[in-house]
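Colleague: Give me coordinates for this.
(one chain, ligands or ions: 1)
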Amino acid sequence: MKITVCTLFPEYFDRFVTTSIIKRAIDAGKIEFNCVDYRTFTTDKHHHVDDTPCGGGAGMVLMCQPIIDCLKAIRSENSLVVMLTPQGQPFHQSTAHQLAKVDHLILLCGHYEGFDERIRSYVDKEVSLGDFVLTGGEPAAMVISDAIIRLVDGVILSDSHEDDSFENGLLEYPQYTRPVEYDGLKVPEVLLSGHHENIRKWRLKESLRKTLHQRPDLLAKRSLNREEAQLMEEIKQEDEKK
Ligand code: ADE
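Modeller: The predicted structure follows:
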């Protein structure tokens, strides 16, 4: 898979591509990652990429010409062009899975007040990282690339993401490592028992508990099977006793 980030600040990604799992994925050839600078596609002497908004108002707007010429130069039949803006559809784990299947993903980063609306005619999808406004799309491109790259086959052990938060509509269960007691805080007995079925059940229950307490909105979107409903009943009774 190839990811191309279109940006005015390619240097933003220098550390991203030379650190940890992302670096390993690139070195192993699992992922190709490159940045393209919109300014390379400017045609005027001063390399302008933005101009004042038509109709007046604060800030600057990214102009059609450098952005669209950039897109035309780099896109192919296998590309999917994703524009990063606060007006886009929210990015979820399911979006990461969808985008991880694309051959060539092009991420368009905005800056200033945003893109000239006409640029949207050249875009396949518009995505937002959340209901907040960033100074530009670069942090969003980095987060989205990270979430996608870890899903690419062979980048991390697939077992490591099967239990991830959101993969089954629930938050991940609590994890512990040695020592079994730290500052009076103990690892739950069941995790030391070696009893796989009890461990599975405990993890499912704690996953449900975390989701109920932290993200009840996720439960509203998901139905519970009989075992989960029974565990949820126990959790609610335990909560009442507190
Ligand atoms: N650019 C500015 N804010 C953004 C957001 N919330 N998501 C994606 N791109 C952005």
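Colleague: Let's test this: mean pLDDT of stretch 174-190, rounded?
Modeller: Averaging pLDDT along stretch 174-190 gives 97.
Colleague: do stretch 98-113 as well
Modeller: pLDDT averaged over stretch 98-113 gives 95.
Colleague: next one: stretch 71-89
Modeller: The model assigns stretch 71-89 a mean pLDDT of 98.
Colleague: how long is that stretch from one end to the other?
Modeller: Distance between the two ends of stretch 71-89: 21 Å, counting by CA to CA, to the nearest Å.
Colleague: Contact residues of this protein facing the ligand?
Modeller: When proximity is defined by CB under 6 Å from any ligand atom, the chain lies next to the ligand at 84, 85, 86, 110, 128, 129, 130, 132, 133, 134, 137, 140. (Each C-beta comes from the backbone N, C-alpha and C, glycine too.)
Colleague: From residue 121, how far out is the closest residue to the first one other than its chain neighbours?
Modeller: Right, the one you point to is residue 84. Distance criterion CB to CB, 6 or more residues apart in numbering; nearest residue to residue 84, sequence neighbours excluded, is residue 137 at 3.4 Å. Distance, residue 137 to residue 121, using CB to CB, to the nearest Å: 18 Å.
Colleague: Next: residue 12.
Modeller: 27 Å.
Colleague: which stretches of the chain form strands?
Modeller: When assigned using DSSP state E, the strands of the chain occupy the ranges 2-7, 32-37, 50-51, 61-62, 79-90, 104-109, 125-128, 181-182, 185-186.
Colleague: which of the residues in the longest helix along the chain are buried?
Modeller: With secondary structure taken from DSSP state H, the chain has its longest helix at helix 196-214. Neighbour-count burial for helix 196-214, counted by 16 or more other CB atoms under 10 Å, picks out 199, 202, 203, 204, 205, 206, 207, 208, 209, 210, 211, 212.
Colleague: again, but for stretch 64-83
Modeller: Within stretch 64-83, the residues that count as buried by 16+ other CB under 10 Å are 64-68, 70-71, 74-75, 79-83.
Colleague: Look at that stretch and report the distance between its end residues.
Modeller: 14 Å.
Colleague: circling back to that earlier point, how close does the residue nearest to residue 84 get to residue 230?
Modeller: Distance, residue 137 to residue 230, using CB to CB: 45 Å.
Colleague: Which of the two has more residues huddled nearby?
Modeller: Each of residue 137 and residue 230 has its neighbours counted (other CB atoms under 10 Å); residue 137 has more, 30 against 11.
Colleague: thought residue 1 was touching residue 102?
Modeller: Yes - with contact defined as CB atoms under 8 Å, residue 1 reaches residue 102; the gap is 6.9 Å.
Colleague: Which pair of the buried residues of stretch 64-83 spans the longest distance?
Modeller: 65 and 80 (22.5 Å; CB to CB).
Colleague: which strands and helices sit next to the helix-or-strand element of the chain with minimal mean pLDDT?
Modeller: One helix or strand of the chain scores below all others by mean pLDDT, DSSP states H and E: helix 158-162, with a mean of 79. If contacts are counted by 3 or more CB pairs under 8 Å, 6 or more residues apart in numbering; DSSP states H and E, helix 158-162 sits against no helix or strand.
Colleague: what about 10 Å?
Modeller: Applying 3 or more CB pairs under 10 Å, 6 or more residues apart in numbering; DSSP states H and E, one finds that helix 158-162 makes contact with helix 93-100.
Colleague: residues of the helix it packs on that come out buried?
Modeller: The neighbour-count check on helix 93-100 (16+ other CB under 10 Å) flags 95, 96, 99, 100 as buried.
Colleague: Run through the neighbouring helices and strands of that helix.
Modeller: strand 79-90, strand 125-128, helix 138-149, helix 158-162.
Colleague: 7 Å instead, please
Modeller: Counting contacts by 3 or more CB pairs under 7 Å, 6 or more residues apart in numbering; DSSP states H and E, helix 93-100 is packed against helix 138-149.
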